[in-house]
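Visitor: Here you go, sequence then predicted model.
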Amino acid sequence: LLGGRANWGGSVWSLPGYSEGDFVVMDEGSQLIGLACEVKSGERVLDLCAGNGGKAIMLAALCGDGGKVLCFDVNRARLRQLMSRAMKA
């Protein structure tokens, strides 16, 4: 992707591996919050503003198989998107 998106002319969502869940697209804010939480392997995390799952997926990766992320949001449609994204990831 050298040269930026304008020179590439594509979409990250069309890259090989996206549909298969090899990677997720996450905004910088979600990444920073995930890192600021300093989650350790095996911990439990509560995400009360889970949205479509950007932070939650990162937090789940950080807490690993022994941990758990509980996700809540006022928008049920976004939580359904989270479930779909999480299953791919």
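Guide: Now that the structure is in, tell me what you want to look at. Numbering: from 1, shown residues only.

Visitor: S11 versus A36, what's the distance?
Guide: Between A36 and S11 the computed distance is 29 Å (CB to CB, to the nearest Å). For the C-beta atoms, the positions are set from N, CA and C on the backbone; glycine is no exception.

Visitor: cool, and D22?
Guide: Per CB to CB, D22 is found 16 Å from S11.

Visitor: Strands along this structure, start to end?
Guide: Ranges of strands in the chain, per DSSP state E, are 44-47, 68-71.

Visitor: Same list (these) but as JSON lines, adding distance to Y18 and mean pLDDT.
Guide: As requested, the strands of the chain are exported to JSON lines (distance: least, CB to CB, whole Å; pLDDT from 0 to 100):
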{"stretch": "strand 44-47", "distance to Y18": "23", "mean pLDDT": "96"}
{"stretch": "strand 68-71", "distance to Y18": "22", "mean pLDDT": "95"}
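
Visitor: Tell me which of those sits most buried.
Guide: Of all the strands of the chain, strand 68-71 has the most neighbours on average by mean count of other CB atoms under 10 Å, namely a mean of 17.

Visitor: which residues sit in contact with V24?
Guide: 53-54, 57, 85, 88-89 (CB atoms under 8 Å, 6 or more residues apart in numbering).

Visitor: what's around the residue nearest to I57 when sequence neighbours are not counted, how many residues?
Guide: Computed as CB to CB, 6 or more residues apart in numbering, the closest residue to I57 that is not its neighbour in sequence is A89, at 5.0 Å. Look at A89: counted by other CB atoms under 10 Å, it has 15 neighbours.
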